[in-house]
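K.L.:
3D, please:
(2 chains)
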Amino acid sequence: MNRHASRARNRAGVWATGFLATGLFGLACLLPGFARAAAPADLEDRVREIASELRCVVCQNLSVADSPSDLAKEMRHLVRELVQQGKSPKEIQDYFVSRYGEFVLLSPPKRGFNLLVWVLPFLAIGVGGGVVYLVVRRWTESAATGRPPVDPVYAERVRRELEEREER
Amino acid sequence: MTWKKLLIPLASVPVILLLAYGFWTDPKAIPSPLVQKAAPDFRLAGFEGKELSLAGLKGTPVVLNFWASWCYPACYEEAPLLESTWRKYKDQGLMMVGVDIQDKEPNAREFIKRFSFTFPNAPDPGSKVSIDYGVYGVPETFFIDRQGRIAYKHVGALSPVLMEEQVQALLKGR
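P.N.:
Numbering: from 1, shown residues only, chains lettered A, B, ... in the order given. Sure thing, here's the model as predicted:
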């Protein structure tokens, strides 16, 4: 009875720890999104926000907002001009996409092959979380029983060999 | 139990295949969305003081080349071919236009003089024309047909064979 209660408590502990860790991790991933959602105050903020979603085409994985290259500087100037002309962020993005293709967007659009980029990380977290749960459960079970869990194939082999010995 | 032991290595196979696809793909080989679309118009003040505009070349096949004096060695390798092509085909109705990007004027003029360019060239202040054409490096060359459509875009130094092939296609009006 005590062993069962102990196992149940351990399982509950594993689940609770898993949920808490996943929840905290998910919250940490969402925080930058909340920061971005606040409305920018002035022109430079709006330019920076739009430029930060465009890829610097002469760099590796730098945004137009962050890149020190001359072309990125010119692209920022153009973004500023387009904002001052009253173009929306979507219209400005569409302009650059019409010239450079979707590659110019730092975040790939959520369609077609690009969906993999959005789906795979969560799939990996789910699978990884499942593996962690199974491993931790095995550890806690062995801790509760005081001995490691027995491999059934090995146990069967031992049983057969013992039987053969007894028959001899 | 054996299949469980194989599960993790097997699960890594699609991930490895995806990574292999990613590493095989050249991140610099960006296909242009402008090919087979109307070439964006431009209006630039040439180094010789004359205005250069695409609208003014309507009905003429155009080879539009983006270069820079700091673009070594590709632009230096390509420059003699641009000039020789211009001299060979200018009387057959071809137009060659050079756009100098992100450069200093004395260096650009020195480049033009070094290669004895006789076709029109213009600087691109603010890189507006370059961005309008989706240029991300130099040299890049656009082959524009008589209908004002971008028939072909080439990134990097042109070879004589490719130049000849594309110019012939423009003149035949494909």
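K.L.:
switch to C-alpha atoms for all contacts and neighbour counts from now on
P.N.:
Noted.
K.L.:
residues of chain A that sit close to chain B?
P.N.:
Residues of chain A lying near chain B by C-alpha under 8 Å from any C-alpha of the partner chain: A:57-58, A:70-71, A:74-75, A:78, A:96, A:98-101, A:103, A:153.
K.L.:
in PyMOL, how would I select just the buried ones from those residues?
P.N.:
Applying 16 or more other C-alpha atoms under 10 Å in any protein chain shown to these leaves a buried subset, and the PyMOL line that selects it is:
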select buried, chain A and resi 57+58+71+74+75+78+96+98+99+100+101+103
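K.L.:
okay, the residues of chain A next to chain B in TSV with pLDDT and secondary structure next?
P.N.:
Listed next are the residues of chain A next to chain B as TSV, based on pLDDT from 0 to 100; DSSP: H, G, I helix; E, B strand; the rest coil:
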residue	pLDDT	secondary structure
A:57	86	coil
A:58	85	coil
A:70	91	helix
A:71	92	helix
A:74	95	helix
A:75	95	helix
A:78	96	helix
A:96	96	helix
A:98	95	helix
A:99	95	helix
A:100	94	helix
A:101	92	coil
A:103	87	helix
A:153	90	helix
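K.L.:
remind me, longest helix of chain B?
P.N.:
Across chain B, the helix with the greatest residue count (assigned by DSSP state H) is helix B:2-24.
K.L.:
and the helix or strand just after that one, which strands flank it?
P.N.:
Using DSSP states H and E, the helix or strand that directly follows helix B:2-24 along the chain is strand B:43-45. With DSSP bridges as the test, strand B:43-45 is paired with strand B:51-53 (antiparallel).
K.L.:
buried stuff in the strand it pairs with?
P.N.:
When burial is assessed from 16+ other C-alpha under 10 Å, strand B:51-53 yields the following buried residues: residue B:52.
K.L.:
stretch B:111-121 now?
P.N.:
Going by neighbour count (16+ other C-alpha under 10 Å), the buried part of stretch B:111-121 is B:111-112, B:117, B:120-121.
K.L.:
list the residues that contact residue B:121.
P.N.:
Shown in contact with residue B:121 (C-alpha atoms under 8 Å, 6 or more residues apart in numbering or on different chains): B:46-47, B:97-100.
K.L.:
turn those residues into a markdown table, columns for secondary structure, neighbour count and distance to residue B:160.
P.N.:
Below are these laid out as a markdown table (DSSP: H, G, I helix; E, B strand; the rest coil; neighbours: other C-alpha atoms under 10 Å in any protein chain shown; distance: C-alpha to C-alpha, whole Å):
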| residue | secondary structure | neighbour count | distance to residue B:160 |
| --- | --- | --- | --- |
| B:46 | coil | 19 | 26 |
| B:47 | coil | 17 | 26 |
| B:97 | strand | 21 | 17 |
| B:98 | strand | 22 | 17 |
| B:99 | strand | 22 | 20 |
| B:100 | strand | 25 | 21 |
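K.L.:
turn those residues into CSV, including pLDDT.
P.N.:
What follows is the contacts of residue B:121, written out as CSV (pLDDT from 0 to 100):
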residue, pLDDT
B:46, 96
B:47, 96
B:97, 97
B:98, 98
B:99, 98
B:100, 97
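K.L.:
tell me which of these is nearest to chain A?
P.N.:
Chain A lies nearest to residue B:100 out of those, by C-alpha to the nearest C-alpha, at 13.3 Å.
K.L.:
who's in contact with the closest one?
P.N.:
Going by C-alpha under 8 Å, 6+ apart, residue B:100 touches B:66-69, B:108, B:121-124.
K.L.:
just the pLDDT at the nearest residue to it once chain neighbours are set aside, thanks.
P.N.:
Spatially, and ignoring its direct neighbours in sequence, residue B:100 is nearest to residue B:123 (4.6 Å; C-alpha to C-alpha, 6 or more residues apart in numbering or on different chains). Confidence at residue B:123, expressed as pLDDT, is 97.
K.L.:
tell me the domain ranges of chain A?
P.N.:
Per automatic domain parsing, the structural domains of chain A span A:1-38+A:113-168, A:40-107.
K.L.:
mean pLDDT for those: which is lowest?
P.N.:
domain A:1-38+A:113-168 (a mean of 73).
K.L.:
in chain B, which residue sits closest to chain A?
P.N.:
Residue nearest to chain A within chain B: residue B:134 (4.6 Å; C-alpha to the nearest C-alpha).
K.L.:
circling back: other SSEs contacting the longest helix of chain B?
P.N.:
In terms of contacts (3 or more C-alpha pairs under 8 Å, 6 or more residues apart in numbering or on different chains; DSSP states H and E), helix B:2-24 is not packed against any helix or strand.
K.L.:
for chain B, which spans come out with low pLDDT?
P.N.:
Residues of chain B meeting the criterion pLDDT under 70: B:1-2, B:4, B:8, B:22, B:24-30, B:174.
K.L.:
for chain A, what are the nearby residues on chain B?
P.N.:
B:1, B:30-34, B:102, B:126-128, B:131-137.
K.L.:
repeat that for 7 Å
P.N.:
Contact residues, chain B versus chain A (C-alpha under 7 Å from any C-alpha of the partner chain): B:32-34, B:126-127, B:132-134, B:136.
K.L.:
out of the residues you listed, which is most surrounded?
P.N.:
Counting neighbours by other C-alpha atoms under 10 Å in any protein chain shown, residue B:133 leads the residues of chain B next to chain A with 24 neighbours.
K.L.:
ok, the closest residue in space to it that isn't next to it in sequence to residue A:134 distance?
P.N.:
Residue nearest to residue B:133 in three dimensions, not counting chain neighbours: residue A:99, with 6.1 Å by C-alpha to C-alpha, 6+ apart. Per C-alpha to C-alpha, to the nearest Å, residue A:99 is found 50 Å from residue A:134.
K.L.:
understood, closing this out.
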